[in-house]
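Engineer: sequence below, structure please.
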Amino acid sequence: EALMVRTLGSGANCIGYYMYHGGSNPRRIGGGFFADEPMGIPKINYDYQAPIGEFGRIRDSYKYLRLLHTFIHSFGHQLAPMETVLPDGYQNIKPENRETLRFAARMKDGSGFLFMTNFQDHDTARIDQKDLKISLNLKKESLNIPSNGTFTLKKDVSAILPFNFDMDGALLKYATAQLLTKLDDNGVAHYVFFAPDGFTPEYIFDKKTVRSHKIHFTPTPGTKSSFRLTTGSGKKIIVTTLTRQQALNTLQLEDGRLLITEATVLPEKNKVTFLSIGKPSIEYIIYPSKKGWEPQIVSVDSISTHLEWSKIGNQRISVHPEFSYLSHINDYFLNIHYTGDVGMAFINNDIVHDHFWYGEPWSIGLKRFRTELEKCGEINFYFRPLNKKAPFISMGGIPISAFPKFDNQTNVLSIDKVELVPEYRIEVKW
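Structural biologist: Predicted coordinates:
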């Protein structure tokens with residue numbers, strides 16, 4: 001997310017990814033793999049921690065990026081012609097600098113967006129940047145954000161803040177909240193923002209452009225935060241400030257409505273399919289609708305899963321999953337919690353998947369192997385130990401919570417838990 005905020009703030013109008021959806025390397029005709037280096041890279045797995053995983057599971061990064069995609073979809077036509085303005089001394093900022101705010105503005109005719117990041121790849125010792133205030137020296141005015149007091153940009157947090165932003169005739173001087181999208185709320189323009197972590201939302205409007213005497217708003221983020229304004233021309237607008245978590249769970253449907261849910265959403269015309277790993281009940285909000293911002297719940301029957309697994313020596317395990325595919329089950333995920341270097345999965349002595357450890361469980365969707373598993377009922381795994389001199393360990397790419405404990409050992413390999421989790425499938429028609 002921070003890298004894309006930086007990219008947009010630096011002037012890019014087209015952003016792309018490699019990889020956005022993970023996949024699997026096919027086998028060569030006649031045998032072998034396209035990635036057939038002895039130990040260099042996975043032979044099958046081509047996931048690279050992509051926002052959408054190899055077996056269709058979405059990762060946190062998918063929702064982080066969706067915040068930006070939703071913003072660009074709604075306001076990209078305004079952002080695209082804006083030029084980038086960088087602060088004095090930006091060229092002197094080094095990767096190890098943790099105190100200086102990294103920001104840029106994109107603007108046109110005095111209106112624009114501020115882009116800020118407090119993130120550095122592989123830097124796990126970032127600090128909160130406190131007592132910040134940004135001064136914009138525009139052609140017709142000087143604008144301080146915020147006008148009173150300061151703000152904090154927490155470590156690893158990014159934000160995009162609007163200034164002199166035209167909201168259907170009401171001029172928003174600035175907001176310490178990030179724009180998400182705009183929708184048609186029964187003929188009324190409804191602007192949806194969210195509060196970045198650590199930010200206190202504040203909105204200040206130009207009093208010449210609104211009929212209300214109140215031009216300063218400090219809503220508490222959430223679905224009850226909406227306030228209304230009347231522009232100088234008599235047009236109504238609505239402003240809602242979601243929490244960041246609510247925004248992360250927000251998808252704008254093709255008809256313009258908002259769908260807020262933790263579940264993965266597969267939208268179609270007049271219906272959606274929810275996918276939920278391990279949870280047979282799904283809470284969602286569809287807005288606007290007769291229910292308004294009221295949460296709704298849809299459920300299917302819960303099922304129990306069973307598997308047996310055993311260790312074979314120090315580097316091998318045998319797993320026997322038991323499951324049945326019902327209409328409300330989309331897939332089963334086999335999660336292996338281990339610490340090591342590389343893992344390989346075999347069915348009938350044939351390698352079917354592999355994994356390079358990076359601090360997260362190895363998750364395999366079993367639907368792909370349904371036919372083979374119905375015949376033999378067994379998956380065998382082989383793991384290679386992790387050497388303490390492995391270069392990626394010192395690069396800061398492993399979460400602190402998962403950092404391996406070598407103690408006095410040169411290598412480490414631990415296989416802690418194996419679990420089988422169903423992915424429920426629930427269809428809702430509008």
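Engineer: any weak-confidence spans in this structure?
Structural biologist: 36-40, 396 (pLDDT under 70).
Engineer: was I right about residue 331 contacting residue 264?
Structural biologist: No: using Cβ atoms under 8 Å, residue 331 is not in contact with residue 264, being 11.1 Å away. Every residue, glycine included, has its C-beta placed from N, CA and C.
Engineer: what touches both of the two?
Structural biologist: Both residue 331 and residue 264 are contacted by residue 56, under the criterion Cβ atoms under 8 Å, 6 or more residues apart in numbering.
Engineer: kindly export the longest strand along the chain (C-alpha atoms) in CSV.
Structural biologist: For the chain, the longest strand by residue count, based on DSSP state E, is strand 414-429. Taking C-alpha atoms only, strand 414-429 is exported to CSV below (Å, rounded to 0.1, in the frame of the first residue of the first chain):
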residue,chain,number,x,y,z
SER,A,414,9.9,-27.4,13.4
ILE,A,415,6.5,-28.7,12.3
ASP,A,416,4.1,-27.4,14.9
LYS,A,417,0.5,-27.9,13.6
VAL,A,418,-1.5,-29.1,10.7
GLU,A,419,-5.1,-28.1,10.3
LEU,A,420,-8.0,-28.5,7.8
VAL,A,421,-10.3,-25.5,7.4
PRO,A,422,-13.4,-25.4,5.2
GLU,A,423,-14.1,-22.4,3.0
TYR,A,424,-17.9,-21.8,3.0
ARG,A,425,-19.8,-20.5,0.0
ILE,A,426,-23.0,-18.5,0.4
GLU,A,427,-25.0,-16.9,-2.4
VAL,A,428,-27.1,-13.8,-1.8
LYS,A,429,-29.5,-12.3,-4.4
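Engineer: tell me which other helices or strands it touches.
Structural biologist: strand 271-277, strand 281-287, strand 296-299, strand 306-312, strand 316-322, strand 329-339 (3 or more Cβ pairs under 8 Å, 6 or more residues apart in numbering; DSSP states H and E).
Engineer: just name the most buried of these.
Structural biologist: Highest mean neighbour count of the helices and strands packed on strand 414-429: strand 329-339, a mean of 20 (counted as mean count of other Cβ atoms under 10 Å).
Engineer: report the inter-axis angle for that strand versus strand 316-322.
Structural biologist: Angle of strand 329-339 versus strand 316-322, following axes from the mean of the first three to the mean of the last three Cα atoms, to 10 degrees, is 160 degrees.
Engineer: which strands or helices does strand 329-339 pack on?
Structural biologist: Judged by 3+ Cβ pairs under 8 Å, 6+ apart, strand 329-339 is in contact with strand 316-322, strand 362-365, strand 379-384, strand 414-429.
Engineer: so which elements touch the next helix-or-strand element following it?
Structural biologist: Later in the chain than strand 329-339, the nearest helix or strand by DSSP states H and E is strand 342-347. Applying 3+ Cβ pairs under 8 Å, 6+ apart, one finds that strand 342-347 contacts strand 350-356, helix 370-376, strand 379-384.
Engineer: after the shortest one comes which helix or strand?
Structural biologist: It stands for strand 379-384. Later in the chain than strand 379-384, the nearest helix or strand by DSSP H and E is strand 386-387.
Engineer: pull out the buried positions in the helix or strand that that following strand is followed by.
Structural biologist: Past strand 386-387, further along toward the C-terminus, the next helix or strand under DSSP H and E is helix 391-394. Across helix 391-394, burial judged by 16 or more other Cβ atoms under 10 Å covers residue 393.
Engineer: ok, what's across the strand from the closest residue in space to residue 382 that isn't next to it in sequence?
Structural biologist: Leaving aside its chain neighbours, residue 382 sits nearest to residue 344 (4.9 Å; criterion: Cβ to Cβ, 6 or more residues apart in numbering). Beta-bridge pairing of residue 344 under DSSP bridges involves residue 354, residue 382.
Engineer: please tell me I have it right and residue 344 contacts residue 354.
Structural biologist: Yes: with contact defined as Cβ under 8 Å, residue 344 reaches residue 354; the gap is 4.7 Å.
Engineer: neighbour count: these two, which is higher?
Structural biologist: Between residue 344 and residue 354, residue 354 has the larger neighbour count (other Cβ atoms under 10 Å), namely 22 against 19.
Engineer: any idea how far residue 75 is from that one?
Structural biologist: 42 Å (Cβ to Cβ, to the nearest Å).
Engineer: check residue 9 too.
Structural biologist: For residue 9, the distance to residue 75 - Cβ to Cβ - is 14 Å.
Engineer: between those two, which is the more surrounded one?
Structural biologist: Shown here are residue 9 and residue 75; by other Cβ under 10 Å, residue 9 has more neighbours (23 against 19).
Engineer: quick check, the more buried one in contact with residue 90.
Structural biologist: No: the pair residue 9 and residue 90 fails to qualify as a contact (Cβ under 8 Å) at a distance of 10.9 Å.
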